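S.K.: Sequence plus the predicted model coming up.
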Number of protein chains: 2
Amino acid sequence: MNNTTAEIITIGDEILFGQITDTNSQWMSAELDKMGIKTVRKTSIGDVESEILQIFDEAASRADIVLITGGLGPTKDDITKKTIAKVLDDELIINEHALEFITDFFTKRGREMTELNRLQAAIPSKSTYLHNDSGTAPGMWFIYKDSVFVSMPGVPHEMKNLMEKEVIPRLKNYFQAPIITHKIMGTVGIGESFLAEMIEEWEDQLPKHIKLAYLPGRGQVRLRLTGIGENAAKLSEEIDAEIEKVLPQIQKYVYSLTGETLPEAVGRLLTERNETVSIAESCTGGFASHLFTSIPGSSAYFEGSVVSYANEVKMNVLKVEEKTLQNHGAVSEETVKEMAEGVRKLMGTTYGLATSGVAGPGGGTPEKPVGTVFIAVSSAEKTVCRKLELTLQRGINIEYASYWVINLLRIIINKQK
Amino acid sequence: MNNTTAEIITIGDEILFGQITDTNSQWMSAELDKMGIKTVRKTSIGDVESEILQIFDEAASRADIVLITGGLGPTKDDITKKTIAKVLDDELIINEHALEFITDFFTKRGREMTELNRLQAAIPSKSTYLHNDSGTAPGMWFIYKDSVFVSMPGVPHEMKNLMEKEVIPRLKNYFQAPIITHKIMGTVGIGESFLAEMIEEWEDQLPKHIKLAYLPGRGQVRLRLTGIGENAAKLSEEIDAEIEKVLPQIQKYVYSLTGETLPEAVGRLLTERNETVSIAESCTGGFASHLFTSIPGSSAYFEGSVVSYANEVKMNVLKVEEKTLQNHGAVSEETVKEMAEGVRKLMGTTYGLATSGVAGPGGGTPEKPVGTVFIAVSSAEKTVCRKLELTLQRGINIEYASYWVINLLRIIINKQK
């Protein structure tokens, strides 16, 4: 499967004309990559028969696998299925499993089923029915010019469901997948290019069957090691040995070896230690809380937070001293420390986090330009503060400051170990 | 320009292998669409010379404009520029403007400039230099087989900057753009397909030079009317007349006629009325606050919020009665109303918003399954509550509940008018 190639085709005007962002093809190619399948091209086209016919021929000539999303809705604009039948010189036949499921789908929702809905159960007779349990458009698997084609709906959760339950297992079986093992090192606090420079020698000495990928995110870079071989236990050992080699160089940036996100890793640390956290957010405006509360089960360690945009809220709720605000301003080490202490006491948590800064685009001064952010972490023992100099962009400043304050908590917890 | 077509090509393994989501091509095609230029295909390929050569020929045969991003970095992987020179049967020549800018870029940052960096100033002699003021890779404009090709870096803010300052004005000039006018109606509380059904007759009677596009988002659908003609004032009048026709049917769902997002529209209402808002968030965990605080200048009306995950925070900070929590539970009309009242009084704002629900995946019960959310808006006069039955997915529930509570505030403000 090492040399198996894939191509992804999205069909529909919403993506082509920029009305929605295509997140499907990113997810699909990442899944293929995990299986050791290389995506060689991605194409978006409209609901136009001649375009579909042309790209099917092109894709079949280039790739072993062609994954298609979109164009399977009940309306007349959606012509993917009809075009597949044409390509296969085939006709559409009602699939009984599909019809049963769709009928049930409408019955349960108390909605009337129209002829258009019934026709969603029709698929080309030469294609294999793939059961979509979260929508009314079935998936289809067929062979065209010796390549495997899979057609799925474009709704992201329907596509993901079909991929996970039907497509990926079938692809693994069809192409006799080798053993593939992944391990992910999560790093924070260092940019991708600096990290790459730092570990260049190690990367160059990796054995051929172990590959490194950089997965960059906001304020984080995840390093994924992928091993391809025949013995899972041996592969796992080999990858671990490589991680052992590189860890000493990058230890201070590594927050996890299990693929977690940074907030998940910090949440796990808190859970293990039976500790709790609360946040006082000024410039981050709720986003740092959102990073924790997006995680299922975060109520075990996350007690709550105060978003204190107004100085009155800083004083009345968080008990920041009026004279601190007067003497040093809201964006200062002194204020952010009092905010962190204040929220910790208010919520009765082990740690109190705080952010205060100039997110922009307005509000900057010569001493405190846009991007100036103070972050703090308070515990019963002490309160630690850092000053950040971020960017001119509000959205990026909010995200970075949120990740940095969570990372500061991680650093402080690790020092206690 | 009505029949002018474009194609978008992204070059680079990060997008192809799914390491990052391609947001560039969505943004670019939306900008082209605004100019009346139809994107006919989007393609992602790797940094492979033969692939680049092939797609250049294909694209030139299909489209009038070919926008290319990526592959312009200083490292040896990035071969776009070299390949462009090959396609044009040309050579790379140092551009003096580019060299000056890059030299200055490194000097200002106190970083050493390497030969690789210097070579970033080289572009094919037959191409036009496009100044990129936020990075070291210049843009290039060239003609190939009678089509306009533009090559830009893949870093989103560099690409956007180049598009706005250099590419869009040049395209308008080159293709002698007609007058294009857009107006956007923002709707909330109704799904795209129901909305489409409701306004079908109106859509069918639109004159040919006025087109309707649906721009769906979480809990919102924006309707964009685009008119193409020769007289801006007349076009604007014609579009307004069409909006007047459809408004009575959909008035209750329309939150704005200016293209604002829902939180922006509510922020504007609050600013106009000199009123303020605060939020008590349980299941939304900070996301509703984030929607307001993402907006520049939101500190004018947004005072702050309390994320109250723990019941202690609901009682101690928001002053929810212990017996309310005991008798009705945290996810209840009674609790969410007390939360909304509590935060309003705590922060001294005109309105207090609140959310409490079962975001999932855990925590559901037969009476209150995952997706059950109560939202409330409190003012000095009264407190209004709504029960929502959302989905099984945590992320979606958080987003929807956040938008719905902001929309409930909008409805209440509008009733007061």
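M.R.: That came through, no problem. This structure is a prediction, so every number in the text was calculated from the model and none was measured.
S.K.: ranges for the helices of the stretch 251-400 of chain A?
M.R.: Counting by DSSP state H, counting those that start in this stretch, one finds helices in the stretch 251-400 of chain A at the ranges A:262-273, A:287-293, A:311-316, A:322-328, A:333-347, A:394-416.
S.K.: hmm, the fourth one in reach of chain B?
M.R.: No: taking C-beta under 8 Å from any C-beta of the partner chain as the criterion, helix A:322-328 and chain B are apart, separated by no less than 14.5 Å. C-beta coordinates here come from the backbone N, C-alpha and C atoms, glycine included.
S.K.: Tell me which other helices or strands that helix touches.
M.R.: Packed against helix A:322-328, as judged by 3 or more C-beta pairs under 8 Å, 6 or more residues apart in numbering or on different chains; DSSP states H and E, are the following elements: helix A:311-316, helix A:333-347.
S.K.: How about the longest one?
M.R.: Using 3+ C-beta pairs under 8 Å, 6+ apart as the contact criterion, the secondary-structure elements in contact with helix A:394-416 are strand A:179-188, helix A:262-273, helix A:287-293, strand A:351-357, strand A:372-378, strand A:383-389.
S.K.: Next, the buried residues of the second one.
M.R.: Residues of helix A:262-273 classed as buried by neighbour count (16 or more other C-beta atoms under 10 Å in any protein chain shown): A:262-267, A:269-270.
S.K.: ok, of those, which one's closest to B:S278?
M.R.: Using C-beta to C-beta, A:P263 is the member of the buried residues of helix A:262-273 that lies nearest B:S278, at 24.9 Å.
S.K.: That closest one reaches A:F292, doesn't it?
M.R.: Yes: with contacts defined as C-beta atoms under 8 Å, A:P263 counts as touching A:F292 at a distance of 5.5 Å.
S.K.: where do the contact lists of those two overlap?
M.R.: Counting by C-beta atoms under 8 Å, 6 or more residues apart in numbering or on different chains, the shared contacts of A:P263 and A:F292 are A:I406.
S.K.: Up against chain B, what does the stretch 51-200 of chain A have?
M.R.: Taking C-beta under 8 Å from any C-beta as the measure of proximity, the stretch 51-200 of chain A contacts chain B at A:51, A:157.
S.K.: all helices of the stretch 51-200 of chain A, in order?
M.R.: Using DSSP H, counting those that start in this stretch, helices in the stretch 51-200 of chain A cover A:80-87, A:96-108, A:115-118, A:156-162, A:168-174, A:192-198, A:200-204.
S.K.: Just checking the distance from the second one to the centre of its chain.
M.R.: Put plainly, it is helix A:96-108. 33 Å (C-alpha atoms, centre = their mean, to the nearest Å).
S.K.: What residues sit buried inside that helix?
M.R.: For helix A:96-108, burial by neighbour count (16+ other C-beta under 10 Å) applies to A:98-99, A:101-102, A:105.
S.K.: how far away is A:F17 from chain B?
M.R.: 5 Å (C-beta to the nearest C-beta, to the nearest Å).
S.K.: The residue lying closest to that residue once chain neighbours are set aside: which element?
M.R.: Residue nearest to A:F17 in three dimensions, not counting chain neighbours: B:D33, with 5.0 Å by C-beta to C-beta, 6 or more residues apart in numbering or on different chains. The secondary structure element spanning B:D33 is helix B:24-34 (assigned by DSSP states H and E).
S.K.: ok, and what's touching that helix?
M.R.: Contacts of helix B:24-34 from elsewhere in the structure, counted by C-beta under 8 Å, 6+ apart, are A:15-22, A:44, B:6, B:8, B:10, B:38-39, B:42, B:65, B:67, B:69, B:154, B:156, B:159-160, B:163, B:168, B:180, B:182, B:213, B:226.
S.K.: quick one, which of the helices of the stretch 251-400 of chain A is packed in tightest?
M.R.: Comparing the helices of the stretch 251-400 of chain A by mean neighbour count (mean count of other C-beta atoms under 10 Å in any protein chain shown), helix A:287-293 comes out on top with a mean of 28.
S.K.: Quick one: distance of that one to the chain centre.
M.R.: A distance of 15 Å separates the C-alpha centroid of helix A:287-293 from that of its chain, computed with C-alpha atoms, centre = their mean.
S.K.: where are the low-confidence patches of the stretch 1-150 of chain A?
M.R.: The model of the stretch 1-150 of chain A has pLDDT under 70 over residues A:1-2.
S.K.: Quick check on the contacts of helix B:24-34: which are buried?
M.R.: Neighbour-count burial (16+ other C-beta under 10 Å) is assigned, among the contacts of helix B:24-34, to A:15-22, A:44, B:6, B:8, B:10, B:38-39, B:42, B:65, B:67, B:69, B:154, B:159-160, B:163, B:168, B:180, B:213, B:226.
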